[in-house]
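Enquirer: Structure of the sequence below:
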Amino acid sequence: MRVWVDQDMCTGDGLCVDHAPDVFVLLEDGISYVHDRNWMGNDPGMEHSARRFYAHEERDVIAAALDCPGECIFLEPDPEDLVGLENY
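Expert: A predicted model of the protein is given here:
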């Protein structure tokens, strides 16, 4: 699965960072972004700013999305996970 933040909808509450600091970061502009150790997603969001998350992060990422007051956190299938499934 992948996660991304629509920065236009972000209210800057930082609850996502509270839930999953290894996945989300709140920058000086008061807006949340997804990140990993070597990369940070930025505007315009969507697939260009999506970050893959793994099973051990799933509970925290989902909790962040559910608690987000701006409803700006989006989860989607990772296209790599869908390779080979088109025949099923």
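
Enquirer: Tell me who's in contact with Asp13.
Expert: Counting by C-beta atoms under 8 Å, 6 or more residues apart in numbering, Asp13 touches 68-70. (Each C-beta comes from the backbone N, C-alpha and C, glycine too.)

Enquirer: what about 6 Å?
Expert: Asp13 makes contact with Pro69, according to C-beta atoms under 6 Å, 6 or more residues apart in numbering.

Enquirer: Likewise for the one 10 residues further on?
Expert: Taking C-beta under 6 Å, 6+ apart as the definition of contact, the neighbours of Val23 are 34, 53, 57, 61.

Enquirer: For this protein, give me the ranges with low pLDDT.
Expert: By pLDDT under 70, the low-scoring segments of the chain are 43-47, 82-88.

Enquirer: And the contacts of Val23, which two are furthest apart?
Expert: Val34 and Glu57 (11.0 Å; C-beta to C-beta).

Enquirer: now, which of the contacts of Val23 lie within strands?
Expert: Val34 (DSSP state E).

Enquirer: measure the residue nearest to Gln7 when sequence neighbours are not counted to Asp8 for me?
Expert: Leaving aside its chain neighbours, Gln7 sits nearest to Ile31 (4.9 Å; criterion: C-beta to C-beta, 6 or more residues apart in numbering). Per C-beta to C-beta, to the nearest Å, Ile31 is found 9 Å from Asp8.

Enquirer: Could you pull up phi and psi at Pro79?
Expert: Main-chain dihedrals, Pro79, degrees, to the nearest 10: phi -60, psi -30.

Enquirer: which one of Val34 and Glu57 has more residues nearby?
Expert: Val34 (25 against 18; other C-beta atoms under 10 Å).

Enquirer: Gly41 is in contact with that one, correct?
Expert: Yes - Val34 lies in contact with Gly41 (C-beta atoms under 6 Å); the separation is 4.4 Å.

Enquirer: what is in contact with the two at once?
Expert: Common contacts of Val34 and Gly41 (C-beta under 6 Å, 6+ apart): Arg51.

Enquirer: And the strands in this structure, which stretches?
Expert: Under DSSP E, the chain gives strands at 2-5, 24-26, 32-34, 51-52, 73-76.
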